[in-house]
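K.L.:
turn this into a structure:
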Amino acid sequence: MTYCVAMRLKTGLVFLSDSRTNAGVDHVSTFRKMSVFENPGDRMLVMMTAGNLSISQSIKQIISEHTNAEGKSIWNAATMYEAAQIVGNAIRLVYERDASALQNFGIDFNVGVIFGGQIKGERCRLFQIYSAGNFIEAHDENPYFQIGESKYGKPIIDRVLAGSEITLDQAAKCALISMDSTLRSNLSVGLPLDLLVYESEQLALTRFVTIDSKNAYFKSISSGWSSRLREVFDEIEDPVWHTVSSPSDSPAIKLDQRQPLVTLSKEVNWDNALAPLQTLAQNEETRQK
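P.N.:
Residues are numbered from 1 along each chain as shown. Sure thing, here's the model as predicted:
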């Protein structure tokens, strides 16, 4: 498993990926999930992958070397949309070549791709590409994508990015907190991390770092976020239940007059429990006669 996240802002893009591909009891392996396709001054493209590693590596190889029948490749695509189509076509080529053989061994064709960057003459764009080669693009309403083990890191991103303008560095900080939450909750995601921050119109790789367990900033992120969460948690009042004497406008949990769905204990004597109902039914039958 893995976890990758990318964010599209008005000022640029943020990409973050882990590197764990296997987390068995006695075998942990790592491979880089982020690939950069760069022609300084013309284009700077980033791809992150999740899923079957052999499929991901085959796709990367095809993208970097393949030219289609129209003479188009990742290196001369005119737009990011066209480049995303080339990535999707590479996924289909690998599927046509390997899917049947993999299926014979009980292996699903499983791959997820985040692809983004900028080509000279247009804005930064970000895409999520699926196993079928189809894709969707990030917009203002949905400015980020996740692949892999995404559920643990999603809440912080939703809270920070929702309806607010943030800087690239703030987005990078948010991505790192999202990754830290995932690392704490899932052993199949692990260090080192690759963080790439791209500022719009640079058309070159300028800010990239590989983060390991010794990285001071990430250690401060991890410990600081945990301690601040505990502080905020402690500051929130414990629930107080409304009683007859408590004011109705107090910040308390009002008692619900309804009853919960109760499952009776197995030790209930059903003969005694049903006796009143049986008596009621007999009385009703006598009355009708």
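K.L.:
can we go C-alpha only for contacts and neighbour counts from here?
P.N.:
Fine.
K.L.:
select the longest helix from this protein.
P.N.:
helix 80-104 (DSSP state H).
K.L.:
what lies in contact with that helix?
P.N.:
55, 58-59, 62-63, 73-74, 77, 108-109, 115-119, 125, 127, 129-135 (Cα atoms under 8 Å, 6 or more residues apart in numbering).
K.L.:
what number of residues lie near residue 114?
P.N.:
27 (other Cα atoms under 10 Å).
K.L.:
ok, now the one 4 residues further on?
P.N.:
A count of neighbours around residue 118, defined by other Cα under 10 Å, yields 27.
K.L.:
that one is in contact with residue 124, isn't it?
P.N.:
Yes: taking Cα atoms under 8 Å as the definition, residue 118 is a contact partner of residue 124 at 4.6 Å.
K.L.:
three-state assignment of residue 225?
P.N.:
helix (DSSP: H, G, I helix; E, B strand; the rest coil).
K.L.:
and the nearest residue to it once chain neighbours are set aside, what element?
P.N.:
Excluding its sequence neighbours, the residue lying closest to residue 225 (Cα to Cα, 6 or more residues apart in numbering) is residue 177, at 7.5 Å. Assigned by DSSP states H and E, residue 177 falls within helix 168-185.
K.L.:
same check on residue 15?
P.N.:
Using DSSP H and E, residue 15 falls in strand 12-17.
K.L.:
what's the angle between that strand and helix 168-185?
P.N.:
20 degrees (axes from the mean of the first three to the mean of the last three Cα atoms, to 10 degrees).
K.L.:
just the CA trace of strand 12-17, in CSV.
P.N.:
Only the C-alpha atoms of strand 12-17 are listed here, as CSV (Å, rounded to 0.1, in the frame of the first residue of the first chain):
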residue,chain,number,x,y,z
GLY,A,12,1.3,26.2,-8.0
LEU,A,13,1.3,22.6,-7.0
VAL,A,14,2.3,20.4,-4.1
PHE,A,15,3.1,16.7,-4.4
LEU,A,16,3.8,14.3,-1.5
SER,A,17,4.4,10.5,-1.6
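K.L.:
now the strands: where do they sit in the stretch 151-289 of the chain?
P.N.:
For the stretch 151-289 of the chain, the strands defined by DSSP state E, counting those that start in this stretch cover 193-199, 207-211.
K.L.:
partner strands of the longest one, with direction?
P.N.:
On the basis of DSSP bridges, the sheet neighbours of strand 193-199 come out as strand 12-17 (antiparallel), strand 207-211 (antiparallel).
K.L.:
re the thing from before, verify the stated contact: the residue nearest to residue 225 with residue 223.
P.N.:
No: at 10.4 Å, residue 177 does not count as touching residue 223 under the criterion of Cα under 8 Å.
K.L.:
between the two, which has more neighbouring residues?
P.N.:
Taking other Cα under 10 Å, residue 177 and residue 223 do not tie; residue 177 has more neighbours (21 against 11).
K.L.:
test my guess that residue 199 contacts residue 12.
P.N.:
Yes: the criterion here is Cα under 8 Å, and residue 199 meets it with residue 12 at 4.5 Å.
K.L.:
where do the contact lists of the two overlap?
P.N.:
residue 168.
K.L.:
where does the prediction get shaky in this protein?
P.N.:
Along the chain, segments meeting pLDDT under 70 span 22-28, 163, 243-250, 266-289.
K.L.:
now do the contacts for the most centrally placed residue in the chain.
P.N.:
Nearest residue to the geometric centre of the chain (Cα atoms, centre = their mean): residue 150, 2.6 Å. Listed by Cα under 8 Å, 6+ apart, the contact set of residue 150 reads 3, 4, 182.
K.L.:
can you add neighbour count and give those back as TSV?
P.N.:
Shown next, in TSV, are the contacts of residue 150 (neighbours: other Cα atoms under 10 Å):
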residue	neighbour count
3	30
4	30
182	22
